[in-house]
Structure formats: structure tokens, C-alpha cells
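J.: the following comprises the amino acid sequence and a computationally predicted model.
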Protein chains: 2
Amino acid sequence: MDTHIPFRYEQLAELIVGMIDNGALAPGTRLPSVRAASVQHRISISTALQAYRMLEDRGILVARPQSGYYVAVTHRGGLALPSTSRPRPRASTVSISGAVAALLEHASNSKLVPLGCAVPNAMLLQSKRLDLALARAARQHGAHYNVYCAPRGELLLRREIAKRAMRVGHVLSPDDVLITSGCTEALTLALTAVAKPGDTIAIESPTYFGLLHTLEVLGLKALELPTDPARGVDVSAFASLLDTESVAACVLSSNFSNPLGSTMAEADKKTLLALLAQHAVPLIEDDVYGDIHFGRERPKPFIALEGGSNTIYCSSFSKSLAPGYRVGWIVAGAYAQRVMERKLAFSLSSPVLPQVALAEFLASGAYDAHLRRVRRIFEENLARMRRAIEASFPAGTKVSQPAGGFVLWLELPKGFDSRSLFDDALEQGICFAPGDVFSASRRFRNCLRLSVGSAWNDRIEDGIQRLGQLAQKLLAR
Amino acid sequence: MDTHIPFRYEQLAELIVGMIDNGALAPGTRLPSVRAASVQHRISISTALQAYRMLEDRGILVARPQSGYYVAVTHRGGLALPSTSRPRPRASTVSISGAVAALLEHASNSKLVPLGCAVPNAMLLQSKRLDLALARAARQHGAHYNVYCAPRGELLLRREIAKRAMRVGHVLSPDDVLITSGCTEALTLALTAVAKPGDTIAIESPTYFGLLHTLEVLGLKALELPTDPARGVDVSAFASLLDTESVAACVLSSNFSNPLGSTMAEADKKTLLALLAQHAVPLIEDDVYGDIHFGRERPKPFIALEGGSNTIYCSSFSKSLAPGYRVGWIVAGAYAQRVMERKLAFSLSSPVLPQVALAEFLASGAYDAHLRRVRRIFEENLARMRRAIEASFPAGTKVSQPAGGFVLWLELPKGFDSRSLFDDALEQGICFAPGDVFSASRRFRNCLRLSVGSAWNDRIEDGIQRLGQLAQKLLAR
């Protein structure tokens, strides 16, 4: 029995949600200003603001600077969310490499409509200022930077990364940060630091196929966890599994995970952290999408809630700014020594000039302006994608509704074969990611991931429409 | 019994060596021109040239463009060569990481006289043209290159690398080449592609400590092979070991190996290749110093003699041009698929802009001009270093005499403790690499490596002199 008496801000929030649900507030409508709402509902300005912000965090409202709050265009379409995954409660070996290589080959084919690859488009990202910073560093100080940099990476960049961590409440010294070759190297360093071949790693299901590929190459087993498209990993199911399965580590992406787009609630994150600490299972956090949040506040990463005693944090600039620079980082806390040893053994150090350019770009404040721009573009992209899916895909198609990132996860009726759709789509010049590459046990055959990392255009709109029609045909067969 | 009747060019070569040995031709003396020698000795010009070139290849003569042939300044000092190593004929686990990390920390301390780190100095390497190529690529095409490049790496660069391979007789397609994060990543990819934890890898002894570190981190055992400072690995000793030891792979650096500076004769390379093929032991070749040859011709790498059916070739631009760019490559032949899978898992792909700049630099011909310059500097450095050692180190100090690269290996009398010397030297602000970090079994305590990767200067000259005096004192204790 719920005995919680709603706060006044919760009452206002419920009122707004009700008006959206019954159509009184259409998607895209501007809401009364905070001041007007406080007068109208006889509450304080801060209470009204609290209600708006809560709805913003849930993706129901969208804040536009200097303009006010709007009903999110993505809210409450006719599309239901995909169901929570129910993978086999047992660790399995991973055998995915062939599929990943094949997919990557198609995904990099520029002749195909690019719905396959979760990489932001270079033209969309384009940041002249970053490029100029690199050009300047090379021209003016090329010889000076033609050195093996400190194994940890350029101090200037580590300092900027530490500063940004502070903003989400994670106190960090530059020396806690190790620069890597993208998040991929960070994850490999973390996995090899905490696990040996044959060990079991708990992961989301579905999860990023690159992680599955890495697990396979490292000879690690995967324990796929029940995962909800909205709330992320099912913590109580994980708790039961930990009673029977021996788990060497756990890799989670709690903010706008790829491909589900789920975000764990802060309370769930804390419960999970306590659970892992209790079982002495280290958590490897992949936070590569965390900066692409549509809500006002960046959701906290695990490490900010926990301080880093049992968490290894991995991220990069590849999803938000510079895939071509291959710069990521790792904060390994208790495992820092082991991670550093592996960095020295695997790649020694990272190239200096790209780090120097990134440091300058971050220090100038340009990264924040850049993020504000791409977040709005990606949010708009996902809204348009959902509308296009609703218009063309078979009735009953379920679609994720992430509050960040730039991918959607689609679940079609049981028995639907996304591999057949993949073959049909390729013939029509369209690429996407079929569901089975997101699972070690090749589940999700009736699912698929669509990614829009470029500015919206007719080719993409048309591609999704044709894909939907192909899916309809396939289902009718 | 040697029944070989010497060719006329061999007779001339012997005559010259005799004159050098009896002092008639002093180090640095200019020889008669090829034309003059042909008249004087009544032989053809091509025969005279053949004699001069053979002596050049042996490091006895030095050719100066537009000037003629000179007696090498390094030839026949009072310094004997170190002895051939005789490691335990058994595989051992490696435990070196702590020592490597400590050494790297000192080696990167710019306050110390830099004899410790085998990295060419940025100011010496300085290649404005490469830096400008990077600046231009970033400024003009930054957005265009802000992408994950093809997993193999930039085609432009792979093409240049393939062209250069052709010059040493190795026919290669650009698609045979995979770009890596320096030679370190190349070696890690190769090792993980052919071996699993617990396997044994045969290596030179002494060998590069970075390789030992990588073996340790990957859980691989080391089988140290008897290695001669002039001729490299003792092939017949290796043959006997292969009869009893199970070896998963062999990592060799046959051209100016680090730290010995040895170069295997082509005949020995061929014998070794046949031996490895017979035992089905893959050869991982580290050819990172191959371009820094003092003789006229670049010695052939294994892969050029064998074609690549059983050889994985690893190299980089770090020792000759751009340590700060972290660009290396691997040619994995039969193991290409496994290596590519590991590249995807470990670091996905390498940064694009540094590759584009390097490709432009190579294509322009600037790399060849650059190499000619640094080869002469390094050759001169080694000659000066040998003289400084002869002048100040204890009598009986043996020194390697490499025909390429920029490091020397010193062997002091048995019982000498280079660790104590290391501590004394640090106090005096001098860094070098003590011998024991070059062996999995911590041999070579009486040895040390000196590296001069910068332009010669008084600080270095003085550093070596003081180091020699410290060694004398230590020995007198």
C-alpha cells in the first residue's frame, strides 16, 4: 500500500501529465511560464520549477533556454516500449566476431542509408574550433609534442576531464585519469585488469556488440542480465543470479545504454552498487553516452555515487565530439596500477597532439556549447525517427524511448526475422543493426536497432519508411 | 678446410682491412676513389665498388654522398665485444613490471642526462614538414577525417608502407597492412593471436624490456635464447632447444636489435626461418630499428626472405620519425584475420589525422631525406659514445658495435653491479638502463645499456664520462 502523500510539485506534475494524456496539451505546446504556473496554482516559484524539472528529467517536458518549457514531441506516441529482456540465467561463451565484422563492413559503406552504425556523423559533429586547435598545436609546437607522452596521457587533458567529473559530483585528481585509445581500449584494460580467460562477466541484455566481441576475444563468458528498455538492469534479478553464479565483474552502461537507451534511476544505481560491493564484484562503467542527455541534468554515473572504490569508469569523446581522434579515458581507482601496467603493455601511450587539441577545446568552453547543439539535434532526430517508425512499421512494433543518445531499439512481433529484413534492406541500399548481434546467446532475432547520428534528411526519412514497408511485407509472408 | 678461392673484390677488401689494422689507414681517412682503386689494383670499377660496398655493409667503411669512402670512426677501437649470452635453457615466467615502470619514470625525467630511454629526441627528429602536413589536414579536412577509419587504417598510409616494403623485396598489398598504435600494439596483437596464457615465447637475450613487460601482462613465459652481440640469435642452440621445449611463437628483432644492436646474417636468417617452419613455430618480427642502418643497404627483414607465410611483421615510425604520433603497423599474413579481430576488440581503430599526415610525408619523399640525416647523426653518436666509454669506463669494459640504431650494450667485469651504479648515477643526475631489466631471469646485472637519441652535446659527453668514473669507483670498492 502506497501511503506516500504527494508533494505539491508532484501534484502539479501529475496534473500536467494528465493534460498531456487527454490531449489538452499537444506535443510541442509551450507551457505557462514557471512564474505564471506559480500564480495559477498558488504555489511557490521553486515548487513550480521543481515540477517542470522533474517532468523534464522524465523526458515528458523539454526546456528551451530563453524560451520556456514545451511538451516533448516524443511523448506518448502510439508506440509501446519493448518488453524487459529475459535471457537465460546462465553464463555462456560468446561467439559473435564474424557477425560484428560483417556488420561493420556494411555500416561503413557510405552508399547505404546509414541506420546501422552508432557513430555520430562527421558533418554533424563538425567542430572547426577543435580542428584549428589541432592544426595550431602541430604547426607551432609539432616538434615539442613529438614525444612519448606520460603513460597516463597529457596532463592538460586529464585536468579538463577531472574538472568535468567534478560537475557530476565526482571528485577526481588529474592523476586518477588514464588516457586511452577510445572507450574500447578503456574497456579492454578494465576487463583484463579484473578478469582472466574463462571468467564470467555480467552484462546488460541486449548490449553493445563491440563489448560482446571484446569478451569473445578475451575468452570471457557473458552472463546476460534481464534489462528493461526504460529502467535498465533488473537489480533484484541480478541479486538472485549472484547467489548462484560466480561473476568476475560486471559491465554496465547506465545512462542511455546502447542499444536500449535505458537509464537507471539513481536509487536503483545505489542498490546495485551496494549489491556489487557486498559480493565484491567490481563494476566496469561504460558512460560513453552520458553527455548526450536530453533532460536538464546529466544523470550521475555510478562512480559519482560510489566514489570509485569498486568502480572502473570508462568513457570517450567518440560519441559526442571526435570519433576520428580516438581519445577515451579510464578512472580505475583501486585497479589503477593493474590498468596502467596493461596500458604500457598494449599500446604504451596515446598520440599527443589530439590530446592537446582536445584539452584546449574543453578549456575554452567550446565543448559545452557543442554539446548543447548536438543534444538538441539528437533529441529531434529520435522524435522524428519514432514518428517515421509509427507511420510505416507493422502495427504492434514496440520502440524504446531514450532520454539521451541517438539510437532506438525496435521490437517486432515474435517470429519476426530481422536477419531476413537485413538482407532485404541491404538490397534496397539500407543498413541497420539486426537484433541478434546484441546478445551472446543470439536472442532478439525479432528486434533491431536504428541509429541516426547525422542531421535529419530526406534520405533517412525515406530509408526508415521503406524499411517499415519491407518489415510489413516480411510479416505478411 | 676452407677451399674457397677469394674473388678479386675480396682480395681488395682484405688488403684494406689489413691496412686499417696495422694503422696505415687511420679512422676517418678518405680512401682512394673507386676509379683510382681500379687503376691502382688493375681491377674493374665494379669489382672495386663491390669491395668498398662489402666493407661498408660490415661497418668498416662509411660512404659519404658526393665525397667518397672513409674508414669508419667506430672501427677497431680498444673495446672488445660483449660475450654471447648463455641463458638458462628453460622457459621461465616473467616478473619485470615494477622495474619497467620505475625505469620509465626516471627515463622521462628531463632533468637527468638522458642515456636511459631508447627514444629519439624530438628536437633531433624535428620534421617541420610532417607537422605542417598534420596542420593542413586538420585545418582543411578536419571534419572529413573525424570518423572511425577503416579498421585496417588509412588506405593512403597503407599504400606508402606497401611501397616501401617493395624496396626490400617484400611484395605486399595495402590490404595486407594493419595500422596499429605503435609497434607495442602490433606486438600485443601478434602475441595474443598466436599464443594463450601459459604458453612459451622464445626471445633474444638480452631483449627489449617492453617486450618482457608485455609477456608478463599476457601471462606468457619467456624462453631466452643465446644471443651474440654481433650475429644475433644462435640458431643451432635454438634448434636444440626446439627439440625439448614447446614454443608457441618466437619474437625476434634481427636488424639492430635492442639492446644488443646485433644483426643476423642473411644466411642465418634463412636457416632460422627453415627451422621455425619445420617446427611450425610462428615468427613475430620486430623491425622497428631496420630503417636506421649505417651501411648502404637496409638489411632484409625476415618477412622479405620468407614471404609472410609464417612471419608476422611489426614495425613503427617511433624510432625514426614520430614517437608522438604512435603509428605502427603489422603484416600478419596467415594470422591476419585473428589480428584484425584483436585490433577491433582492443582499440577499434587508430586516429585518422596522424595517419594522413604520415602518408603525405612518405609520399613526398621527405621520409627518405629525413632518414639519411638521422642515420648519419646516430652513427656519429655511437662512434662518439664508444670513444667516451673507452676513455672513462673501467679497463676490460666490453661494448657492442651495432651497424644501426642508437643504443650501445656494455658488459663490465663479472660481479659488477649495474643496479648500484644506477643508484649512484641517479644521485648525480644521470639516467641509463641497468642490465637486469633486459632479461626475464634478471641476468646481465654486470651489463647496462646507454642510449643517445639526441644530437650530441657536452652534457651527454660529460654524463658518460662521469658514469665511467662512477663505474671505476664501484669496481674499486
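T.: Nice, I can see it.
J.: got any ranges where chain A has weak pLDDT?
T.: In the predicted model, chain A carries pLDDT under 70 at residues A:1-6, A:22, A:74-78.
J.: tell me the domain ranges of it?
T.: A:8-71, A:103-122+A:371-476, A:125-367 (automatic domain parsing).
J.: which one's the longest strand in chain A?
T.: strand A:221-228 (DSSP state E).
J.: got a list of contacts for that strand?
T.: With contacts defined as C-beta atoms under 8 Å, 6 or more residues apart in numbering or on different chains, strand A:221-228 is touched by A:84-88, A:90-94, A:198-207, A:212, A:215, A:233-234, A:237-238, A:241, A:245, A:247, A:257, A:260, A:262, A:439-441, A:443. Glycine gets a C-beta too; all of them are placed from N, C-alpha and C.
J.: ok, of those, which come out buried?
T.: Buried subset of the contacts of strand A:221-228 (neighbour count, 16 or more other C-beta atoms under 10 Å in any protein chain shown): A:84-85, A:87, A:91-92, A:94, A:199-207, A:212, A:215, A:233-234, A:237-238, A:241, A:247, A:257, A:260, A:262, A:439-441, A:443.
J.: what does the stretch 251-400 of chain A have sitting close to chain B?
T.: Residues of the stretch 251-400 of chain A lying close to chain B by C-beta under 8 Å from any C-beta of the partner chain are A:318, A:322-327, A:340-342, A:344-354, A:357.
J.: no wait, the stretch 51-200 of chain A
T.: A:97, A:100-101, A:104, A:108, A:119, A:122-123, A:125-128, A:130-132, A:134-136, A:138-139, A:142-151, A:181-182, A:184-185, A:188, A:192, A:196-197.
J.: I'd like to know which of the residues you listed are buried.
T.: Buried members of these, counted by 16+ other C-beta under 10 Å: A:97, A:100, A:104, A:108, A:119, A:122, A:125, A:127, A:130-132, A:134-136, A:138-139, A:142-143, A:145-151, A:181-182, A:184-185, A:188, A:192.
J.: quick check, residue A:330 in a strand?
T.: Yes. Residue A:330: assigned to a strand according to DSSP: H, G, I helix; E, B strand; the rest coil.
J.: how about it: which residues does it bridge to?
T.: Note on residue A:330: beta-bridge partners by DSSP bridges are residue A:178, residue A:314.
J.: what's the distance between it and chain B?
T.: Using C-beta to the nearest C-beta, to the nearest Å, we find residue A:330 at a distance of 13 Å from chain B.
J.: over to residue A:412?
T.: From residue A:412 across to chain B, the span is 29 Å (C-beta to the nearest C-beta).
J.: how about residue A:115?
T.: Shown here: residue A:115 relative to chain B, a distance of 16 Å by C-beta to the nearest C-beta.
J.: ramachandran coordinates for the spatially closest residue to that residue that is not a sequence neighbour?
T.: Leaving aside its sequence neighbours, residue A:115 sits nearest to residue A:432 (C-beta to C-beta, 6 or more residues apart in numbering or on different chains; 4.3 Å). Here is the backbone geometry of residue A:432 (degrees, to the nearest 10): phi -150, psi -180.
J.: now swap in residue A:430 and tell me
T.: Main-chain dihedrals, residue A:430, degrees, to the nearest 10: phi -120, psi 130.
J.: that older thread, how many neighbours does the residue nearest to residue A:115 have?
T.: 27 (other C-beta atoms under 10 Å in any protein chain shown).
J.: that one contacts residue A:114, correct?
T.: No. Counting by C-beta atoms under 8 Å, residue A:432 stays clear of residue A:114, with 9.2 Å between them.
J.: overlap of the contact sets of those two?
T.: residue A:451.
J.: all strands for the stretch 301-450 of chain A, in order.
T.: Under the criterion DSSP state E, counting those that start in this stretch, the stretch 301-450 of chain A contains strands at A:311-316, A:328-331, A:398-399, A:407-411, A:430-431, A:433-434, A:447-451.
J.: mean neighbour count added to those, as CSV?
T.: Output for these, formatted as CSV (neighbours: other C-beta atoms under 10 Å in any protein chain shown):
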stretch, mean neighbour count
strand A:311-316, 28
strand A:328-331, 28
strand A:398-399, 22
strand A:407-411, 26
strand A:430-431, 24
strand A:433-434, 24
strand A:447-451, 26
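J.: among these, which is nearest residue B:35?
T.: Between residue B:35 and the strands of the stretch 301-450 of chain A, the tightest spacing by C-beta to C-beta is seen for strand A:328-331, at 61.4 Å.
J.: quick one: contacts of that closest one?
T.: With contact meaning C-beta under 8 Å, 6+ apart, strand A:328-331 is reached by A:153, A:158, A:161, A:165, A:172, A:176-186, A:189-190, A:288, A:303, A:308, A:312-318, A:339.
J.: okay, helices next: where are they in the stretch 151-300 of chain A?
T.: A:155-167, A:182-194, A:209-217, A:235-244, A:266-278 (DSSP state H, counting those that start in this stretch).
J.: for chain A, what's the longest helix?
T.: Determined from DSSP state H, the single longest helix within chain A is helix A:366-392.
J.: packing partners for that one?
T.: In terms of contacts (3 or more C-beta pairs under 8 Å, 6 or more residues apart in numbering or on different chains; DSSP states H and E), helix A:366-392 is packed against helix A:122-125, strand A:398-399, strand A:407-411, helix A:458-476.
J.: can you put those in a markdown table and add distance to residue A:10?
T.: Below are the helices and strands packed on helix A:366-392 laid out as a markdown table (distance: least, C-beta to C-beta, whole Å):
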| stretch | distance to residue A:10 |
| --- | --- |
| helix A:122-125 | 38 |
| strand A:398-399 | 28 |
| strand A:407-411 | 29 |
| helix A:458-476 | 37 |
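J.: how big is the angle separating the longest strand of chain A from helix A:209-217?
T.: Taking axes from the mean of the first three to the mean of the last three C-alpha atoms, to 10 degrees, one finds strand A:221-228 and helix A:209-217 inclined to each other by 160 degrees.
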